[in-house]
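# Model the structure of this input:
(chains A and B)
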Amino acid sequence: MSSEPLFEVWLEKDRAQVGETIAGRVTFAHPPSEKLAKVKAVTIELRARVHGSGDSESVVGAKGVLRQGPVTMAELPFRLLVPADGPVSFQGRYVKIDWEVVAELDIPWAIDPKRVRPIVVEPRRGS
Amino acid sequence: MKRHVRAVFFLGFGAIFAAGSLVWFSVAGTADPVWSLGGVLFLGFGLVVAFIGLAQLLAAAQFQVATLKVAGPARLGGQAQVQLALIPKRTLAIKTIQCKLQLRTVERARYSAGTQSRTYEDRLHESSVPFEFPNSLDPTGLVRELTVQIPRDIPPSWKGSSNSLTTTLALHLAIEQWPDLKLEAEVRVLPEVAP
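Residues are numbered from 1 along each chain as shown, chains lettered A, B, ... in the order given. From the prediction side, this is the model:
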């Protein structure tokens, strides 16, 4: 049994300003395992997780399907747009806003594996 | 919440407590006179709440126009254009030493479970906006265009369903022998730093 992870998410940078694009890629185990052949879809999502002392909520910044059907390639590139109106990352006493890129494999009759990469979203620098 | 709605809410709440005290007096007074002391507490609380509501209505009743408006969104480190208009119905003496114009940024989180809810609030920033309050206001009124500096280190405005980061401009006008006038205007701070 291989200990190599099924897939991984790589980002070009882990900080972005609002309105910017985040580029990255999802890489898959090579050679493709039997599990990857069963994949129905590969999805990617950029979201802000708002948590802390209040009720948790989530802001979806961008979402997309990278591929429909079994994974046969070594990697899938992606680009996600950070919403221009924020929110920006914030760590307060009661409110915390954490941005993250989440990649997920949709595998029928199995727990969908996912990878989460945190990023920091900052205000745009004026010009 | 609008000032009038808030005032009516306070008045209604106060009236309910005051009415509750009458029921308490009639029931407890016949059983044991000592128990009727509880009615005094009810009545006292009801009157205080009703007075808060009444004070807000009275403060606004002295003015033909009392508005604080922010022209548009502002950038971090930028400026917000604000219009303050105070036109009283009669000449009012102002306690300038107690008057304040403040910029506040607050983080707010609401937690709810079943029928219970709780709001957590933390003030992230508070600063006084330079403004020279007059000693008196006459019916010709006071209309001023103000420029308010927005700090660079506050979080931009954001509102979710249970969490929010808001910046407001709050005016506290202390009127001689009359309830104080309080006005608030929200400043929408954009997630953009001014050059």
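
# now the closest residue to B:D122 other than its chain neighbours, what's its secondary structure?
Among residues not flanking B:D122 along the chain, A:R93 sits closest, at 4.5 Å (C-beta to C-beta, 6 or more residues apart in numbering or on different chains). C-beta: built from backbone N, CA, C; applies to glycine. Using DSSP: H, G, I helix; E, B strand; the rest coil as the criterion, the local structure at A:R93 reads coil.

# okay, now A:R93: neighbour count?
If you count neighbours by other C-beta atoms under 10 Å in any protein chain shown, A:R93 ends up with 14.

# dump the residue contacts of it.
A:G52, A:S53, B:E107, B:Y120, B:D122 (C-beta atoms under 8 Å, 6 or more residues apart in numbering or on different chains).

# For the fourth one, identify the helix or strand it belongs to.
Okay, so that is B:Y120. Assigned by DSSP states H and E, B:Y120 falls within strand B:116-128.

# For the very next helix or strand once past that strand, which outside residues touch it?
Tracing the chain past strand B:116-128, the next element assigned as helix or strand by DSSP H and E is strand B:136-137. Residues outside strand B:136-137 that contact it (C-beta under 8 Å, 6+ apart): B:L86, B:P88, B:T91, B:L92, B:A93, B:I94.

# Now intersect those residues with the strands, please.
Cross-referencing these against strands under DSSP state E gives B:L86, B:P88, B:L92, B:A93.

# Of those - the most surrounded one?
Top of the ones in strands among the contacts of strand B:136-137 by neighbour number is B:L86, holding 24 neighbours under the definition other C-beta under 10 Å.

# Okay, and the closest residue to chain B within chain A sits in which element?
Per C-beta to the nearest C-beta, A:G54 is where chain A lies closest to chain B, at 2.8 Å. Using DSSP H and E, A:G54 sits in no helix or strand.

# tell me, how many neighbours does it end up with?
Neighbours of A:G54 under the rule other C-beta under 10 Å: 25.

# Quick check: it touching B:D122?
No - look at A:G54 against B:D122 with C-beta atoms under 8 Å: they stay out of range, at 11.6 Å.

# For chain B, list the residues in contact with chain A, please.
Proximity of chain B to chain A, by C-beta under 8 Å from any C-beta of the partner chain, involves residues B:75-76, B:78, B:107-112, B:119-122, B:124, B:155-156, B:158, B:160-165, B:190-195.

# Summarise which helices and strands the worst-scoring helix or strand of chain B on mean pLDDT is packed against.
None of the helices or strands of chain B scores lower by mean pLDDT, DSSP states H and E than helix B:3-31, at a mean of 72. Helix B:3-31 is packed against helix B:37-61, with contacts defined by 3 or more C-beta pairs under 8 Å, 6 or more residues apart in numbering or on different chains; DSSP states H and E.

# quick one: average confidence on the helix it packs on?
Mean pLDDT, helix B:37-61: 74.

# Can you give the distance of the helix or strand that it is followed by from its chain's centre?
Sequence-wise, the next helix or strand downstream of helix B:37-61 (DSSP H and E) is strand B:63-70. In terms of C-alpha atoms, centre = their mean, to the nearest Å, the centre of strand B:63-70 is found 14 Å from the chain centre.

# what residues does the helix or strand that strand B:63-70 is followed by touch?
As assigned by DSSP H and E, the chain's next helix or strand after strand B:63-70 is strand B:74-76. Contacting residues not belonging to strand B:74-76 are listed as A:123, A:126, B:80, B:148, B:150-152, B:154, B:156, B:187-194 [C-beta under 8 Å, 6+ apart].

# Repeat that for stretch B:108-124.
Stretch B:108-124 is touched from outside by A:52-55, A:92-95, B:104-107, B:154-155, B:162-166, with contacts defined as C-beta under 8 Å, 6+ apart.

# returning to what we had before: show me the two of the ones in strands among the contacts of strand B:136-137 that sit farthest apart.
When C-beta to C-beta is used, the two most widely separated members of these are B:L86 and B:A93, lying 13.6 Å apart.
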